[in-house]
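Q: below are the sequence and a predicted model; questions follow.
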Amino acid sequence: MTTVLVAGATGSLGGQIVKHLLDRGADVRALVRKSSVDKLTAHPNLTAHVGDLTDGADALARHLDGVEVVVSAVQGGPEVIIDGQRELLRAAERAGVHRMIPSDFSINLYGYGYGVNVLSDLRRVFADSFATSTVARTSVAIGAFPEYFLGPVHEVLDPAAGTFSVWGDGTRPIDMTTIADTAAFTAAIALDPSTAGRDVHVVGQQLSMMELRDEVEAASGRQWELVRKGTLQDLRAEVVRRQFNASSLVEYVALQAQVAMFDGTGSLRDVRNADYPDVVPTSLAAYLAGRGAAHFTPPETPRRPGEWPTAV
Ligand SMILES: NC(=O)c1ccc[n+]([C@@H]2O[C@H](COP(=O)([O-])OP(=O)(O)OC[C@H]3O[C@@H](n4cnc5c(N)ncnc54)[C@H](OP(=O)(O)O)[C@@H]3O)[C@@H](O)[C@H]2O)c1
């Protein structure tokens, strides 16, 4: 039985990674902050380890004795993604952990350089820490979560106005994977030793913005007015304009992601779904017919400017 420690085990993604690891027979340790222990669901092969990435490597190493793989699904700023994950990596080195999956779960953030996306920059800085590490890195790339991409932060769907907005011509295929499918793939990848030292790209569905609009219209049973926001050059200019004026990165980071999605630099390469045939991803149509239907109605409480988005 493989022993896996999951950091961020109480998050939207991490909670589902824990479930899929348990389904696959792994012995799972959930690293959870004291205030979040109640969010875990009991299972015979799940142990709660109370800890925080800010505890430092010495304290974190105590949770890692006998662990073969660390999966991180934490979210936060540089203090979590760079400093906190570095402490976890140092702890993993001391404990003789073989592999670590960092909290990337993104478009192909290694397809473009620094300065394009502030959240990618944090992950790339942390990735450099593996250069001198005895722990092998396995990065998982999945494209965009539709739970966020079709939510208010990306400004694609506006259910109150009935609009579907597109930058560029909307014809390049983009990569979309639901949170549940990302978790299913990640559990399979975590238990696959051949992924050591590799970037593994997997995807739920690849479709263009125009095809996504068709899926939205079919699932919602109504027409969505197409709003052409401008060229990709206009999108880059809009990101720069917002960076100067924003009080929070939430006001521009989703558009930064769209730049790399729509110009293709963040597109997935060498998609490895065939390596994990028991993971059958949900189609966009099925997602939109299920919980994704929530995207078609305006939220009851409008999001405050700068508020961190949540998944549907
Ligand atoms: N591709 C996409 O479209 C997309 C969209 C959204 C997110 N993501 C990525 O998916 C990953 C997970 O995001 P998410 O939305 O699942 O995040 P989330 O729901 O906010 O969960 C974050 C988790 O990190 C934990 N955490 C935060 N700081 C910590 C610390 N100092 N010590 C220990 N644990 C800490 C939280 O614990 P508590 O429960 O105690 O707060 C929680 O379990 C991230 O890498 C994120 O960038 C990708």
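A: Right, received. Where do you want to start?
Q: mind checking the SS state of residue 82?
A: What DSSP: H, G, I helix; E, B strand; the rest coil gives for residue 82 is helix.
Q: briefly note if stretch 291-304 comes near the ligand.
A: No: with C-beta under 6 Å from any ligand atom as the criterion, the ligand is not reached by stretch 291-304; the gap is at least 13.8 Å. Any C-beta I mention is one placed from the backbone N, CA and C, and that applies to glycine too.
Q: what's the spacing between residue 153 and the ligand?
A: 9 Å (C-beta to the nearest ligand atom, to the nearest Å).
Q: name the helix or strand for residue 88, please.
A: helix 85-95 (DSSP states H and E).
Q: roughly how far out does the following helix or strand past that helix sit from the chain middle?
A: Downstream of helix 85-95, the next assigned helix or strand under DSSP H and E is strand 99-101. Relative to the mean C-alpha coordinate of its chain, strand 99-101 is positioned 16 Å out (C-alpha atoms, centre = their mean, to the nearest Å).
Q: what residues does strand 99-101 touch?
A: Strand 99-101 has contacts (C-beta atoms under 8 Å, 6 or more residues apart in numbering) with 68-72, 88-89, 92, 130, 135-140, 186, 189-190, 193, 195-196.
Q: give me that answer again for 6 Å
A: The contact list for strand 99-101 (C-beta atoms under 6 Å, 6 or more residues apart in numbering) reads 69, 70, 71, 92, 135, 136, 138, 140, 190, 196.
Q: reformat the residues you listed as a markdown table; add distance to residue 253 and pLDDT.
A: Shown next, in a markdown table, are the contacts of strand 99-101 (distance: C-beta to C-beta, whole Å; pLDDT from 0 to 100):
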| residue | distance to residue 253 | pLDDT |
| --- | --- | --- |
| 69 | 29 | 98 |
| 70 | 26 | 99 |
| 71 | 23 | 99 |
| 92 | 28 | 98 |
| 135 | 28 | 98 |
| 136 | 29 | 98 |
| 138 | 25 | 98 |
| 140 | 20 | 98 |
| 190 | 27 | 98 |
| 196 | 31 | 98 |
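Q: most neighbours among those, please name it.
A: residue 71 (30 neighbours; other C-beta atoms under 10 Å).
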